[in-house]
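Engineer: Next one to model:
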Amino acid sequence: MRKVTKNTYLKWYEDMLFWRKFEDKLASVYIQQKVRGFLHLYNGQEAVLAGCLHAMDLSKDKMITAYRNHVQPIGMGEDPKRVMAELFGKSTGTSKGLGGSMHIFSKEFRFYGGHGIVGGQIPLGAGIAFGDKYHDNDAVTLCFFGDGAARQGSLHETFNLAMLWQLPVVFVCENNGYAMGTSVERTASHTDIWKLGRGYEMPCGPVDGMNPIKVAEAVDEAIKRARNGGGPTFLEMKTYRYRGHSMSDAQHYRTKEEVEEYKKIDPITQMKDIILEKKYASEDEIKDMDKRVKDKVIECEKFAEESPFPDINVMYDAVYEQEDYPFLKHKL
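Structural biologist: Okay, the predicted model is just below:
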């Protein structure tokens with residue numbers, strides 16, 4: 001694994017803070033109905049992404065996830081302005097405004113969604129890894145899903161084939177405690193989700209998902225195993241989300257006291273404390289980073305606001321490859 005240095009901590013802090021503020025802005029414009037449909041925010045889970053990115057080779061490794069998917073493509077290298085424009089439904093978005101919140105894609109930066117079907121991305125992640133093994137690409141796929149998706153039958157079918165074919169994939173369960181509003185304790189007779197890997201003799205284990213160093217160490221080991229032909233790994237990241245499942249979630253299933261307790265181990269606060277304690281940056285330098293983040297978010301919002309909505313014909317062009325498609329009756 002690449003060494004964790006002063007610059008690593010500074011990057012983690014600024015990246016995670018930007019992801020948090022980026023989504024805080026999305027929450028505010030959602031209330032103004034500038035972002036439509038569902039909106040699932042990542043607040044609190046940023047250390048998982050930060051640690052994974054540190055362990056990945058971003059020149060070739062790939063990523064696929066569920067619908068809590070706004071900041072992952074940014075971490076992979078996509079322009080955040082394009083991501084925000086996609087959420088605004090604008091033509092400058094990553095999918096020309098046609099995908100929206102739950103379906104962010106970036107082929108250029110090897111980010112393959114953004115999937116609205118619970119657990120639907122799990123077999124797709126194995127499929128991407130199969131393609132890389134078949135073509136001898138020396139790439140590893142990180143496949144993310146939530147604790148709720150871990151109960152889907154597709155996971156078991158995928159785990160079986162991934163082990164049978166020794167696919168270069170790392171399965172990452174972001175266990176934030178709740179499948180929508182149902183606690184992990186109420187979804188199965190066991191709460192250690194990582195143990196599902198044992199049924200397939202897949203290397204597996206729990207990870208502190210609030211600490212990017214622990215995440216990076218575990219993912220680095222898993223990626224090395226996959227890249228060296230050792231097959232898949234299943235990691236359960238113990239994390240927490242500070243906002244509801246989506247913006248429409250009233251959160252009656254948990255107390256405010258529980259949320260506040262988890263905020264005491266906020267990964268962003270943890271990074272800031274370490275930076276100040278180790279004197280990697282002064283309070284004034286932290287304020288400069290905070291200002292850069294704020295300005296960057298404003299820039300993203302401005303870009304999205306000023307971008308045009310897509311022409312209606314783009315919808316047909318994106319769906320139909322054949323221009324004289326014979327079954328299209330009413331092209332507008």
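Engineer: switch to C-alpha atoms for all contacts and neighbour counts from now on
Structural biologist: Noted.
Engineer: wait, isn't Tyr240 in contact with Tyr42?
Structural biologist: No: Tyr240 is not in contact with Tyr42 according to C-alpha atoms under 8 Å; the separation is 9.2 Å.
Engineer: then stretch 28-44 to PDB, C-alphas only?
Structural biologist: The C-alpha trace of stretch 28-44 is given here as PDB (Å, rounded to 0.1, in the frame of the first residue of the first chain):
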ATOM      1  CA  SER A  28     -30.600  22.300  -0.100                       C
ATOM      2  CA  VAL A  29     -31.400  22.500  -3.800                       C
ATOM      3  CA  TYR A  30     -33.500  19.300  -3.500                       C
ATOM      4  CA  ILE A  31     -35.800  21.200  -1.200                       C
ATOM      5  CA  GLN A  32     -36.000  23.900  -3.900                       C
ATOM      6  CA  GLN A  33     -37.000  21.100  -6.400                       C
ATOM      7  CA  LYS A  34     -33.900  21.800  -8.500                       C
ATOM      8  CA  VAL A  35     -33.000  18.100  -8.100                       C
ATOM      9  CA  ARG A  36     -35.900  15.700  -8.600                       C
ATOM     10  CA  GLY A  37     -36.700  12.100  -7.800                       C
ATOM     11  CA  PHE A  38     -34.900  10.400  -5.000                       C
ATOM     12  CA  LEU A  39     -31.800  11.600  -3.300                       C
ATOM     13  CA  HIS A  40     -29.600   9.300  -1.200                       C
ATOM     14  CA  LEU A  41     -26.700  11.100   0.600                       C
ATOM     15  CA  TYR A  42     -23.400   9.700   1.700                       C
ATOM     16  CA  ASN A  43     -22.900  11.900   4.800                       C
ATOM     17  CA  GLY A  44     -20.900   9.900   7.400                       C
END
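Engineer: Give me the distance from it to the chain's centre.
Structural biologist: Averaging C-alpha positions (C-alpha atoms, centre = their mean, to the nearest Å) puts stretch 28-44 16 Å from its chain's average.
Engineer: what's around Glu260, how many residues?
Structural biologist: As a burial measure, Glu260 scores 12 neighbours (other C-alpha atoms under 10 Å).
Engineer: Quick check: it is in a helix.
Structural biologist: Yes: assessed by DSSP: H, G, I helix; E, B strand; the rest coil, Glu260 belongs to a helix.
Engineer: Contacts only, for Val184.
Structural biologist: For Val184, the contact set (C-alpha atoms under 8 Å, 6 or more residues apart in numbering) comprises 147-148, 177-178, 191.
Engineer: want to try CSV for those, with pLDDT and neighbour count as columns?
Structural biologist: Shown next, in CSV, are the contacts of Val184 (pLDDT from 0 to 100; neighbours: other C-alpha atoms under 10 Å):
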residue, pLDDT, neighbour count
Asp147, 96, 26
Gly148, 94, 22
Gly177, 92, 19
Tyr178, 94, 21
Thr191, 91, 14
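Engineer: Just give me the closest of these to Gly230.
Structural biologist: Within the contacts of Val184, proximity to Gly230 (C-alpha to C-alpha) peaks at Asp147, which comes in at 25.1 Å.
Engineer: Disregarding residues adjacent in the polypeptide, which is nearest to the closest one?
Structural biologist: Nearest residue to Asp147 in three dimensions, chain neighbours excluded: Asn175, at 4.8 Å (C-alpha to C-alpha, 6 or more residues apart in numbering).
Engineer: I'd say the one you found and Tyr240 touch.
Structural biologist: Yes: contact criterion C-alpha under 8 Å: Asn175 and Tyr240 qualify, at 7.3 Å.
Engineer: What's the per-residue pLDDT of Asp249 here?
Structural biologist: Listed pLDDT for Asp249 reads 90.
Engineer: what's next to the helix or strand encompassing Ile223, contact-wise?
Structural biologist: Counting by DSSP states H and E, the element that carries Ile223 is helix 212-227. Helix 212-227 is contacted by residues 1, 4, 47-56, 138-140, 167-170, 207-209, 231-233, 235, 237, 267 when judged by C-alpha under 8 Å, 6+ apart.
Engineer: Tell me the spacing between Glu310 and Gly89.
Structural biologist: Check again: residue 310 is Pro, not Glu. 8 Å (C-alpha to C-alpha, to the nearest Å).
Engineer: the more surrounded of these two?
Structural biologist: In this view Pro310 and Gly89 are compared by other C-alpha under 10 Å, and Gly89 has more residues nearby, 26 against 16.
Engineer: and the residue lying closest to that one once chain neighbours are set aside, what is it in contact with?
Structural biologist: Closest residue to Gly89 apart from its sequence neighbours, by C-alpha to C-alpha, 6+ apart: Gly97 at 3.9 Å. Taking C-alpha under 8 Å, 6+ apart as the criterion, Gly97 is in contact with 85-91, 309-310.
Engineer: what do you get for Ile275?
Structural biologist: 6, 9-10, 281.
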